[in-house]
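A.B. asks: give me coordinates for this.
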Amino acid sequence: QVQLVESGGGLVQAGGSLRLSCTASGRTFSSYAMGWFRQAPGKEREFVAAVSWKGGSTYYARSVKGRFTISSGNAKDTVYLQMNSLKPEDTAVYYCAADDGLGYFSLGQYYGVNYWGKGALVTVSS
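C.D. replies: This next block holds a predicted model:
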């Protein structure tokens, strides 16, 4: 079994920054990518950002492009999400995501997720 563990959530004022981390543990797995999704209260889960291990390409939702940066560790089992210029509408539970080798990107979004973290709450106050 693969576990994804997030850390780094919290409360921040609008305009501030936070950094989320996610590390995979458990059995050895080979994912195509890892990334982040978020779910705000009363809304569906949405894609935020991801990095493909094939070539290192990064993908971002339009709403966070230019403010958020996804990066990874050397072992391809850790991803980070640096969030700058945070807005109240960024308030959500942020979930780390990974696939089992069959993930893919279509129209700039990450599909084929098999594993999810438990989530990290990010609250941005106005």
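
A.B. asks: from now on I want contacts and neighbour counts done on CA atoms only, so please keep to that.
C.D. replies: Will do.

A.B. asks: tell me the pLDDT at the residue lying closest to residue 33 once chain neighbours are set aside?
C.D. replies: For residue 33, ignoring the flanking residues on the chain, the nearest one in space by C-alpha to C-alpha, 6 or more residues apart in numbering is residue 52 at 4.3 Å. On the pLDDT scale, residue 52 is placed at 94.

A.B. asks: equivalent analysis for the one 4 residues further on, please.
C.D. replies: Looking at residue 56, its pLDDT reads 89.

A.B. asks: kindly report the same for the one 4 residues further on.
C.D. replies: pLDDT, residue 60: 97.

A.B. asks: now for it, how many residues are close by?
C.D. replies: 22 (other C-alpha atoms under 10 Å).

A.B. asks: also the one 10 residues further on?
C.D. replies: Residue crowding around residue 70 was assessed by other C-alpha under 10 Å; the count is 22.

A.B. asks: can you tell me who the residue nearest to the spatial centre of the chain pairs with across the strands?
C.D. replies: By C-alpha atoms, centre = their mean, the mean C-alpha position of the chain lies nearest to residue 36, the distance being 1.7 Å. Beta-bridge partners recorded for residue 36 (DSSP bridges): residue 49, residue 96.

A.B. asks: thought it was touching residue 47?
C.D. replies: Yes. Counting by C-alpha atoms under 8 Å, residue 47 is a contact partner of residue 36 at 6.5 Å.
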